[in-house]
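> build me a model:
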Amino acid sequence: MGGVRERPAEPTRAALSLRSAASPRVRGPGGCRVYSSDAKVRILATGLATYPDASVVCGALQVDPADALAMVNPAMLVEVLSDGTERYDRGEKFEHYRRIESLRDYVMVSLGARPCWRCTAW
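The predicted structure is shown next:
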């Protein structure tokens with residue numbers, strides 16, 4: 001089924017709400033655009049390709065020279081955490097994301113006790 005991933009309904013609704021809320025705020029003079037979870041992000045420094053719940057690119061979109069379907073210059077990445085992904089998203093995946101030069105914000109949204117956690121300026 002080409003690119004369709006099964007996801008629990010609650011995290012998917014949360015990601016869509018975040019994307020809808022962020023879109024008007026990031027569009028503007030900086031030329032930023034919000035992408036859905038269908039957008040692939042490649043971390044050139046590590047080779048990891050991933051599909052964050054939402055991505056924001058400011059300025060011209062840059063793609064992986066080996067994969068024109070993968071962006072390489074997100075300014076912000078958003079992950080909606082679940083019991084099955086939280087440890088990876090806060091740990092190993094975050095270590096990969098930290099290697100993206102253009103990345104300014106990594107936002108992790110939990111449906112549990114700690115609703116939102118944002119990392120900047122690492």
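> and the strands in the protein?
Under the criterion DSSP state E, strands of the chain are mapped to 32-35, 40-42, 49-50, 54-58, 63-64, 67-71, 76-81, 105-110, 116-120.
> contact partners for L69?
40, 63 (CB atoms under 8 Å, 6 or more residues apart in numbering). Where C-beta positions appear, they are placed from N, C-alpha and C, glycine not excepted.
> hmm, 7 Å instead?
Listed by CB atoms under 7 Å, 6 or more residues apart in numbering, the contact set of L69 reads K40.
> coming back round to it: format the strands of the chain as CSV; extra columns: distance to Y97.
As requested, the strands of the chain are arranged in CSV below (distance: least, CB to CB, whole Å):
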stretch, distance to Y97
strand 32-35, 15
strand 40-42, 9
strand 49-50, 8
strand 54-58, 11
strand 63-64, 15
strand 67-71, 13
strand 76-81, 6
strand 105-110, 5
strand 116-120, 9
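> pick the most buried one from the ones you listed.
strand 76-81 (a mean of 24; mean count of other CB atoms under 10 Å).
> who's in contact with it?
11, 14-15, 18, 41, 52-56, 89, 97, 103-110.
> got the CA positions of stretch 69-82 in PDB?
Only the C-alpha atoms of stretch 69-82 are listed here, as PDB (Å, rounded to 0.1, in the frame of the first residue of the first chain):
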ATOM      1  CA  LEU A  69      11.700  12.600  -2.000                       C
ATOM      2  CA  ALA A  70      13.600  13.300   1.200                       C
ATOM      3  CA  MET A  71      14.100  16.900   2.600                       C
ATOM      4  CA  VAL A  72      17.300  17.600   4.400                       C
ATOM      5  CA  ASN A  73      16.800  21.100   5.800                       C
ATOM      6  CA  PRO A  74      13.900  21.200   8.300                       C
ATOM      7  CA  ALA A  75      13.900  24.100  10.700                       C
ATOM      8  CA  MET A  76      11.500  22.400  13.100                       C
ATOM      9  CA  LEU A  77      10.400  18.800  13.600                       C
ATOM     10  CA  VAL A  78       7.400  17.600  15.600                       C
ATOM     11  CA  GLU A  79       6.900  14.100  17.100                       C
ATOM     12  CA  VAL A  80       3.700  13.000  18.800                       C
ATOM     13  CA  LEU A  81       4.900  10.600  21.400                       C
ATOM     14  CA  SER A  82       3.200   7.300  22.300                       C
END
